[in-house]
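Asker: Structure of the sequence below:
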Amino acid sequence: MSRVLIVGAGLTGSLCACLLRRELQSKVQIVVWDKARGTGGRMSTSRAPDTSSHSADLGAQYITATPAYARSHHSFYSELLSAGVLQPIHCLIQGLRHKDGDQDYVTPLGTGSLVKHFLSESGADVFLERHVTALYRRGASWEVERTAGGSETFDAVVLTMPVPQILQLQGDLRNLLSVPQKQQLDVVRYSSRFALALFFSPDVVFSFSWGAQYVSDSSVICYIAADNRKRSADTPGLGPSLVIHTSVLFGLEHLEQDKEDVKPIILEELRRLLPDLPQPISIKCHKWRYSQVLTSVPDCPGHMTIVDQPPLICGGDAFSHSNFDGCVESALSVFSTLKGMLGVQQSA
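Answerer: Next up is the predicted model:
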């Protein structure tokens, strides 16, 4: 049995784990580590600060399937729709620019449910708050260290965290990267942004009719969503929630500031845009240092193989493009390569 570590419990990592399980079944033990307190990565659904049943999507908001991806990724869309994880979007999104044939989907239980679905299907052993710090090549295996101390050994490692975090890893990785690979990884650039979730009491009814809106007349805020309306997920006894995303330029300008210092600036601008908005009962603020990929790894579709044996592979949206289908493309690419490498190990 090959022991595989996938670092990163986001969409790429969870789908890769699912594909490995379905193909190799009991021939592989799959372990997933993530440094966060929950799964999902940038497709995570956050709870209100008071730990109530209130939740909101602070990262990815909805999924747009182009006609080409609707065909090539049909099995995944069909699976998620059948499972009730995805459903067509029904609300009005003001300012959404569409191309002919595009189809928009939302997740009634939040975008984090996508990742949870694939992790559940994978049967992986998932460990949270495990922050990888170093990789060491030990013959036919990898020794992986983490911040909490201690290390574990694996037959193969897949890294799906943002590229800057991959480049920060200590140990043997730096010496194993070729000069062209290092140059490719150095090209990657991400946008950064702040996201706010405002949670309201059950008696609040928003005065506007849209489910989400792209904002064109603000240098601070670029997007606002009535999260529960967008997801068609009104829950009796729970009030509505509002999600705000800042613009890329604002995120860049305030990137090194504490999120609590930036929050009042965003709220002041929100009051200007929506002056009739009631007072929320709680607010959650998040800073996405790595929000969306602006420049992906060149000439490296889907993944990058650092070492063939024992396998060390990098994947994620930086190796494709920054949306649902980009993560699916990367997961398929990683899986296809890793499957062959593990097959070599198993027959040796």
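Asker: Please enumerate the strands of the stretch 1-150 of the chain.
Answerer: Applying DSSP state E, counting those that start in this stretch to the stretch 1-150 of the chain gives strands spanning 2-7, 28-34, 45-47, 55-57, 63-65, 87-88, 93-94, 103-106, 125-128, 132-138, 141-146.
Asker: brain fart, the stretch 201-348 of the chain
Answerer: 212-214, 221-226, 241-246, 282-288, 293-295, 303-307, 312-315.
Asker: for these, which one sits closest to Arg189?
Answerer: Nearest to Arg189, of all those, is strand 293-295, at 4.2 Å by CB to CB. From N, CA and C alone the C-beta is placed, and that goes for glycine too.
Asker: buried ones in that closest one?
Answerer: Val293 (16 or more other CB atoms under 10 Å).
Asker: The helix ranked longest in the chain: which residues count as buried?
Answerer: The longest helix of the chain (DSSP state H) is helix 324-347. Going by neighbour count (16+ other CB under 10 Å), the buried part of helix 324-347 is 324-335, 337-338, 341-342.
Asker: circling back to that earlier point, by mean pLDDT, show me the worst of the strands of the stretch 1-150 of the chain.
Answerer: When those are compared by mean pLDDT, strand 45-47 comes last with a mean of 88.
Asker: Who are the packing partners of that strand?
Answerer: strand 55-57 (3 or more CB pairs under 8 Å, 6 or more residues apart in numbering; DSSP states H and E).
Asker: which other residues reach the strand it packs on?
Answerer: Residues from elsewhere that reach strand 55-57 (CB atoms under 8 Å, 6 or more residues apart in numbering): 44-48, 107, 110-112, 197, 199, 225, 227, 231, 241-243, 284.
Asker: mind running it again at 7 Å?
Answerer: Applying CB atoms under 7 Å, 6 or more residues apart in numbering, the external contacts of strand 55-57 come out as 45-47, 110-111, 197, 227, 241, 243.
Asker: who does it pair up with?
Answerer: strand 45-47 (antiparallel) (DSSP bridges).
Asker: now the strands of the stretch 1-150 of the chain in a markdown table, with distance to Leu312?
Answerer: Formatted as a markdown table, the strands of the stretch 1-150 of the chain follow (distance: least, CB to CB, whole Å):
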| stretch | distance to Leu312 |
| --- | --- |
| strand 2-7 | 10 |
| strand 28-34 | 15 |
| strand 45-47 | 31 |
| strand 55-57 | 32 |
| strand 63-65 | 30 |
| strand 87-88 | 38 |
| strand 93-94 | 41 |
| strand 103-106 | 34 |
| strand 125-128 | 19 |
| strand 132-138 | 7 |
| strand 141-146 | 7 |
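Asker: Out of these, flag the one nearest Gln168.
Answerer: Among these, the nearest to Gln168 by CB to CB is strand 132-138 (8.6 Å).
Asker: That closest one: which residues count as buried?
Answerer: 132-133, 135, 137.
Asker: For these, name the two members farthest from one another.
Answerer: Thr133 and Arg137 (15.5 Å).
Asker: nearest residue to the residue most central in space within the chain other than its sequence neighbours?
Answerer: Centroid-nearest residue in the chain: Arg42, 2.9 Å away (criterion: CA atoms, centre = their mean). The shortest distance from Arg42 to any non-neighbouring residue, by CB to CB, 6 or more residues apart in numbering, is to Gly59 (4.1 Å).
Asker: domain assignment for this protein?
Answerer: Split into domains by automatic domain parsing, the chain comes to 2-189+294-347, 192-291.
Asker: where's Phe194 relative to Ser291, distance?
Answerer: As for Phe194, its distance to Ser291 is 9 Å (criterion: CB to CB, to the nearest Å).
Asker: give the contact list for the residue lying closest to Val215 once chain neighbours are set aside.
Answerer: With sequence-adjacent residues excluded and distances taken as CB to CB, 6+ apart, Val215 is closest to Ile221, at 5.1 Å. Listed by CB under 7 Å, 6+ apart, the contact set of Ile221 reads 215, 244, 246-247, 266, 269-270, 273.
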